[in-house]
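Trainee: pasting the sequence and the predicted coordinates here, then a few questions.
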Amino acid sequence: MNRDFLHIPPGMRDWLPGEAWRKRKLVNRLLKAISLWGYEEINTPLLEYYQVLLPGENLWEPDHLYKLTDRDGRILALRSEMTTPIARVVSSKLPERYPWRLMYGGEVFRYEAIQAGKLREFCQVGVELIGEKGPEADSEVLAIAIEALQAAGLKNFTISLGHTGVVKRILESFAADKTQFNQVRSLLLEKDFVGLGSCLLDAGMNREKVEELLGILTRQFTAAEVEQLPAGGSVAALEGLVDWPELAGVFAELQQTLKYLKQAGYERYIQVDLSTLRRQDYYTGMVFEIYTPGIGYTIGGGGRYDELLRYFGKDSAAVGFALGVERILISLLQDPEAAGTLDSPNQAPPVLVAGVDYAKVLERAQQYRRNGQRTLVQAAVDLTRPAAEERAQAQGAVLDWLEGEGSAAEEGDSTAEKGGNDADAGA
Amino acid sequence: MPMQELNTLLTIALPKGKLFEPAKTLLEQCGYGYPELSDQARTLIFEDQERQRKYIICRPTDIPTYVEHGAADLGIVGKDSIWEANKNVYELVDLKFGYCRFAAAAPRAALAADGSFPWRQGLRIATKFPAVAQEYIRQKGLQAEIIKLHGNIELAPLVGLADLVIDIVSSGRTLKENDLVPLEFMGEATARLIVNRASYRLKSREINELVGKIKRVLETEGGELS
């Protein structure tokens, strides 16, 4: 028989016992750390109208949405990120009682060219802080991201911090049209510095200025370096860099954000990289990406998006981030210590109640469960005690064997009770 | 792989074939030489434990993949391979060597009397670069059947497998010897230094050191802005 239909579509995956548990545990850890900041969980549907999701896509390339048509002929799409659907909800369903502090954990779908290691369905945990602006709000979401990753058990990660103002200011410094703007943004997004250099030369920027600019864009500043900049943030104060007044405002803003992070002791996680950009078009200020050794991709990212809500008819500042659960999981599993904390179940092993009299087995099992003990049952007329012991061992369970009618041993002769787990007291 | 190793070794992927020697020479000029390094040896991994560096040798077309996934922090590879692979890697420096360009070429016999090529829908195009070919033909507003081959593209039109070829050309000699006429040239390519996007952040000190040295070497050789 042809069983080709047993496959699953490319980019999807099954989460088997053990794997699924670890993933859920990680999601819960992240959400718990975030909820300490007073964020409330929100859920939106997997399917949305196509038009709703468009702001989350890059407008100059084909979108990466899974699409289908409903019976009225309207186009639906699976959500590809959570920020846009949440902006829709905030604009249409929540009272204007800002700020809203929202968090989520859910699956998103991105129909990308398939490459090993890239899932098309993946889980994101993230936050949106809506109705607050300024370095205070920016540093709040950065601090939450750091604390969530710490709580997850990730020891070593770096946040690469940038600002969308960089591209904007650079292009404002010489007359650039929309096409040039998109071209520069796209080259910077791909970090094609070779292409960027020739593009700026073609656009009429002089060679000296282009080289200086590439110098600034390919440099990673530590938080301490940015902090040392004089008020106003003139880059000229940094060794080897000529003044670039257009970027002073960006540096001044980042300086403030870093100051608040330093207070929490988090500046060591931050690296300022002005070439940092995000795939989505809706960011309007600070943006960041998170990296960890051993994973070749970002494990999360976010930023400020003050104009997205306008697409849905509201006008409100907003900032947020999303973390890639699968990638964080891969990273944690590379570290035996962190992997151990995900593996060990939080709970006592289950009890296996077994015996030839199924009615008694069920009764005993019910008592266990009422006391919060995970309990399996097994009954068969021809079941022997050794066979039951074997089954219990195979399932990692503690056996409670019920002798049949008239046999010598009655209640009380149970291995489970000797095992001494919590449920025994009430059993 | 132990975390420690991932943290410390700087891994550089080098391409087998014609770009190998110039890439090796450039690294030597930057003080990144390693005497045993060869693309003819049986081993494909060379570890310079003393200086915490690792070199891997692979097919040019695979280098963007190794770098995208972080199996190598850095790679040296032709822009032609980067175009075709369309991977998410950062392109830091134009290394200036390994110049070539893409060309569409057809058999002389297929040309019209005035020497032009009769472009039409449904052409069959043989190429090693299906993504580049697809993009080229799309920009011409045509549809074509792209036939992916792995080498000796010039054979395809001679035996009737394809109407024309799209391939990289450096001197143009191979085309001439097979009586193929270049119709149009597309992008020009040279070797590039590419870097994994996570390594770019996490090993920025080591990477910037190498990039700085490469730029200095290129400048002294009279290279242009890179």
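Mentor: Perfect, thanks for sending it.
Trainee: and A:Gly73, how many neighbours?
Mentor: Neighbour count of A:Gly73, defined by other CB atoms under 10 Å in any protein chain shown: 6. Backbone N, C-alpha and C define where each C-beta goes, glycine included.
Trainee: give me the secondary structure label for it.
Mentor: A:Gly73 falls in the coil class when you classify it by DSSP: H, G, I helix; E, B strand; the rest coil.
Trainee: distance check, it against A:Tyr50.
Mentor: 12 Å (CB to CB, to the nearest Å).
Trainee: in chain B, which residue sits nearest chain A?
Mentor: The nearest approach of chain B to chain A comes at B:Gly70, 2.5 Å away (CB to the nearest CB).
Trainee: report pLDDT for that residue.
Mentor: pLDDT, B:Gly70: 89.
Trainee: what mean pLDDT does the longest strand along chain B have?
Mentor: If you go by DSSP state E, chain B has its longest strand at strand B:180-189. Strand B:180-189 shows a mean pLDDT of 90.
Trainee: strand partners (parallel or antiparallel) of the next helix or strand after that strand?
Mentor: Using DSSP states H and E, the helix or strand that follows strand B:180-189 in sequence is strand B:191-195. Using DSSP bridges, strand B:191-195 pairs in its sheet with strand B:74-78 (antiparallel), strand B:90-94 (antiparallel).
Trainee: of those strands, which stretch is the most buried?
Mentor: Across the strands paired with strand B:191-195, averaging neighbours per residue (mean count of other CB atoms under 10 Å in any protein chain shown) puts strand B:74-78 on top, at a mean of 28.
Trainee: which secondary element of chain B has the worst mean pLDDT?
Mentor: helix B:3-8 (a mean of 51; mean pLDDT, DSSP states H and E).
Trainee: sorry, that was for chain A
Mentor: helix A:415-419 (a mean of 44).
Trainee: now stretch B:28-41: average pLDDT?
Mentor: Here the average pLDDT along stretch B:28-41 is 86.
Trainee: and that stretch, C-alpha only, in PDB?
Mentor: Taking C-alpha atoms only, stretch B:28-41 is exported to PDB below (Å, rounded to 0.1, in the frame of the first residue of the first chain):
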ATOM      1  CA  GLU B  28      49.200  34.400   4.200                       C
ATOM      2  CA  GLN B  29      49.800  38.100   3.400                       C
ATOM      3  CA  CYS B  30      47.500  38.900   6.300                       C
ATOM      4  CA  GLY B  31      49.400  36.600   8.700                       C
ATOM      5  CA  TYR B  32      46.700  33.900   8.500                       C
ATOM      6  CA  GLY B  33      48.800  31.400   6.600                       C
ATOM      7  CA  TYR B  34      49.000  27.700   7.500                       C
ATOM      8  CA  PRO B  35      51.600  25.800   5.600                       C
ATOM      9  CA  GLU B  36      49.800  22.500   5.300                       C
ATOM     10  CA  LEU B  37      46.700  24.200   3.800                       C
ATOM     11  CA  SER B  38      45.900  22.500   0.400                       C
ATOM     12  CA  ASP B  39      42.800  21.700  -1.700                       C
ATOM     13  CA  GLN B  40      44.500  18.600  -3.000                       C
ATOM     14  CA  ALA B  41      45.000  16.800   0.400                       C
END
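Trainee: show me the shaky parts of chain B.
Mentor: Applying pLDDT under 70 to chain B flags the ranges B:1-7, B:222-226.
Trainee: which elements pack onto the top helix by length along chain B?
Mentor: The residue-count maximum for a helix in chain B (DSSP state H) belongs to helix B:204-220. On a contact count with 3 or more CB pairs under 8 Å, 6 or more residues apart in numbering or on different chains; DSSP states H and E, helix B:204-220 meets strand B:10-15, helix B:20-29, strand B:90-94, strand B:191-195.
Trainee: let me have the ones you listed in CSV, adding distance to A:Gln395 as columns.
Mentor: Listed next are those as CSV, based on distance: least, CB to CB, whole Å:
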stretch, distance to A:Gln395
strand B:10-15, 44
helix B:20-29, 56
strand B:90-94, 49
strand B:191-195, 49
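Trainee: just name the most buried of the ones you listed.
Mentor: Greatest burial across the helices and strands packed on helix B:204-220, using mean count of other CB under 10 Å, falls to strand B:191-195, with a mean of 27.
Trainee: which positions in the stretch 301-427 of chain A make contact with chain B?
Mentor: A:Gln334, A:Asp335 (CB under 8 Å from any CB of the partner chain).
Trainee: can you show me the strands along the stretch 301-427 of chain A?
Mentor: Applying DSSP state E, counting those that start in this stretch to the stretch 301-427 of chain A gives strands spanning A:318-324, A:351-355, A:375-379, A:398-402.
Trainee: how much space separates the most centrally placed residue in chain B from A:Glu81?
Mentor: The residue lying closest to the centre of chain B (CA atoms, centre = their mean) is B:Gly78, at 2.5 Å. In this view, B:Gly78 and A:Glu81 are 34 Å apart by CB to CB.
Trainee: which parts of chain B belong to which domain?
Mentor: Here the domain parsing of chain B from automatic domain parsing is B:2-98+B:190-220, B:100-189.
Trainee: and the ones you listed, which is most packed in?
Mentor: Of these, domain B:2-98+B:190-220 is the most buried (mean count of other CB under 10 Å), at a mean of 19.
Trainee: how distant is that one from the center of its chain?
Mentor: Domain B:2-98+B:190-220 sits 13 Å away from the centroid of its parent chain (CA atoms, centre = their mean, to the nearest Å).
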